[in-house]
Every structure is written in structure tokens, then in C-alpha cells.
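# Just to be clear, the model below is a prediction. Sequence and coordinates:
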Amino acid sequence: MRRVRCTDGLCVNRFYGGRAVTVKVLVPISGGKDSQACLKLAVQKHGADNVRGLFCDTQFEHPLTYQHVEKLRTLYGPLQIDTVTGGSVLEKCEKYGRFPGGGARFCTEELKIWVTRDYCARLAAYNGANFEVWYGMRSDESPERNKRYAGKVCDELYAPHEVLPGKYPKYLARMGVLFRLAILHWTTPEVFDFLEGQHNPLYNPREDGEEGFDRVGCFPCAASGDANKEKAFKYDDFGRQQAAKVAIVSAKIGKSIWTSKGGKARNEVCALVCGD
Ligand code: SF4
């Protein structure tokens, strides 16, 4: 199967040479368990030929996550998974002069939402039929998500702007793009059970007893808590490389990635004293 890394937003057109194709379900894939559950469910229901994956590469992912996305191409397939990128997390931090956090999720916006929006619009133009986008949000992930999706159900279709108001434009629904929250009420154990051990290995405890990660995506999510960032930066060689890259950007923009007093004390003081 021909694979496409798209940086100019034309992969849908280029991949098919303008020929009309039919996708019934598009699944945005992060390399984490929830989007994988949506992918597996979509293939069970519609068959691999009618399902497409979309991986928005933030260029800040762990090598095991990239390997896992590769594995998904054949695990339930053969399955077409297109990779798109709108740049990298650290580029966006330099552009905005800060790290993401609180309400400032500019990297999610530019690297995930905008590229998914543009991809959906292009696919809608070439698909020749409406299609569904299956998102893996779950109510039990956080009280905030529980509140945000209150009243929504997994077997309804919603206009994109109804699911994420202000993030997705109304024109997508008019183009025939509808969202389904396919595993909205699943619990975390139910997701892992459904994946039958075929999840991203970053969730697993390591042989030396180091705990796995609760969430998988950017390594680490720069907007996550300090404990999670510390764990990732110390996790392995890749984590240490990420820490070094972040330190360079931090010096450039004059902002710290650490948000708690303890995180700053443990990491910034140590860096000054030990050169760590
Ligand atoms: S996971 Fe975190 S770092 Fe990555 S795009 Fe989302 S907010 Fe930004």
C-alpha cells in the first residue's frame, strides 16, 4: 500500500489522482488506546476498505508511538492511514513564545484540529459521499469531559461544531462530514479489554518496574502536569533528548515548561546546580 506523508495538504487529491473514492468512516489516530478502539470498532462494523485512519504527526511523539501507528496499518487491515503534519510542537512554542497549558492549547489547535479540519474538507470534496469521523473521547476521562459531553450518546451523529464548538466550522457539516463519539461511555478497563493486549506498549510497566503512562500522545504533552513531564524526560534516552530540546526552546523564549513550585525547584534548581 502506498503511504503518503502530507505536508502541503494535498495528500487526498494526490493519493487518488483526483479519482472519487468512498470512505465511510475516518478515524483520527493518536497512537493511544481510545482512538485505536474506535479504529477496531469501525473496521468490525464497516470493513477495512471503508475505513481510513488519519495520524496528525506533532513531531513530538515517542518512537514507540510511531511504530505503533505503523502496526495499526496491518493489525486490522490492510488499512490506509494517512499522515498529515502542521509542523511541530516546539515550533509552535517558539511561535507563541510560551509552552501550552491552561486554556492555551495552540499546538492542539494548529497540529490536530486545523489539519483534521482541512483534511476532512478535502476528503469530503473527493469522497463522493458523506462520511463519519469517529472520535475516541470518553466521559470518564475527566469531570470536564463528562460535563462537556453530557447528553451526547455514542450512536448519534453530530455536526462537528456541535461536538467542539468554536473549533470546527459549520461548513464541514454542510459538506457531509459528521462526528460520532463511538466509545463515549466506555470505561478505561473496557477499552483495554477490547484491544486484547494490542495497545501501545508505553502503557505497560517496564521490566525494571517503572510504571507505564496513563495517557499516550506527545512525549510528553507539554501541557500536562509536572509529574508526567518529569517521568517522560527521565524515562529513556528519547525522553532525555526531548528534555534537551525543550531546554533549548525554553532558553530561546525565556519561559519555563515547569508550572508547579515543586517542578521548578526540582528541575530548574537542579539544572543550575548540577548541569543536569
Ligand atoms: S498533546 Fe499536549 S503537547 Fe501535544 S499537541 Fe496536545 S496539548 Fe500540545
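Looks like it arrived, so ask away.

# how about the strands of the stretch 51-200 of the chain, start to end?
Applying DSSP state E, counting those that start in this stretch to the stretch 51-200 of the chain gives strands spanning 51-56, 80-84, 131-135, 177-181.

# List the residues that contact Met175.
By C-beta atoms under 8 Å, 6 or more residues apart in numbering, the residues touching Met175 are 120-121, 124-125. Every C-beta, even on glycine, is put in place using the N, C-alpha and C of the backbone.

# Output those residues in CSV, with neighbour count and pLDDT appended to each entry.
Shown next, in CSV, are these (neighbours: other C-beta atoms under 10 Å; pLDDT from 0 to 100):
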residue, neighbour count, pLDDT
Cys120, 24, 96
Ala121, 16, 95
Ala124, 21, 93
Ala125, 13, 89
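
# I'd like to know which of the strands of the stretch 51-200 of the chain is closest to Cys93.
Proximity to Cys93 (C-beta to C-beta) singles out strand 51-56 among those, at 17.0 Å.

# so what strands line up beside that closest one?
Next to strand 51-56 in the sheet, as set by DSSP bridges, lie strand 25-29 (parallel), strand 80-84 (parallel).

# Not counting the first one itself, show me its contacts.
Residues outside strand 25-29 that contact it (C-beta under 8 Å, 6+ apart) are 35-36, 38-39, 42, 45-46, 50-56, 69, 72, 81, 112, 116, 120, 123, 131-135.

# From the chain's centroid, how far away is it?
The chain centre lies 11 Å from the centre of strand 25-29; the measure is C-alpha atoms, centre = their mean, to the nearest Å.

# Report the angle between that strand and strand 131-135.
30 degrees (axes from the mean of the first three to the mean of the last three C-alpha atoms, to 10 degrees).

# after strand 25-29, next one along is what?
Per DSSP states H and E, the first helix or strand lying C-terminal to strand 25-29 is helix 33-46.

# What are the buried residues along that next one?
Across helix 33-46, burial judged by 16 or more other C-beta atoms under 10 Å covers 33-43.

# Switch those residues over to JSON lines; also include distance to the ligand and pLDDT.
Below are these laid out as JSON lines (distance: C-beta to the nearest ligand atom, whole Å; pLDDT from 0 to 100):
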{"residue": "Lys33", "distance to the ligand": "15", "pLDDT": "98"}
{"residue": "Asp34", "distance to the ligand": "13", "pLDDT": "98"}
{"residue": "Ser35", "distance to the ligand": "13", "pLDDT": "98"}
{"residue": "Gln36", "distance to the ligand": "16", "pLDDT": "98"}
{"residue": "Ala37", "distance to the ligand": "18", "pLDDT": "98"}
{"residue": "Cys38", "distance to the ligand": "17", "pLDDT": "98"}
{"residue": "Leu39", "distance to the ligand": "19", "pLDDT": "98"}
{"residue": "Lys40", "distance to the ligand": "22", "pLDDT": "98"}
{"residue": "Leu41", "distance to the ligand": "23", "pLDDT": "98"}
{"residue": "Ala42", "distance to the ligand": "23", "pLDDT": "98"}
{"residue": "Val43", "distance to the ligand": "25", "pLDDT": "97"}
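
# May I see the residues you listed arranged in CSV, with distance to Pro143 as well?
Shown next, in CSV, are those (distance: C-beta to C-beta, whole Å):
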residue, distance to Pro143
Lys33, 20
Asp34, 17
Ser35, 22
Gln36, 24
Ala37, 21
Cys38, 22
Leu39, 27
Lys40, 27
Leu41, 25
Ala42, 28
Val43, 32
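
# Nearest to Phe194, out of the residues you listed: which one, please.
Using C-beta to C-beta, these come closest to Phe194 at Ala37, 5.3 Å.

# From Leu202, how far off is the closest one?
Relative to Leu202, Ala37 is positioned 16 Å away (C-beta to C-beta, to the nearest Å).

# residue ranges for the helices of the chain, please.
Along the chain, the stretches classed as helices by DSSP state H are 11-16, 33-46, 63-75, 89-96, 106-108, 114-127, 143-148, 160-163, 171-174, 188-195, 226-235, 237-253, 261-264, 270-274.
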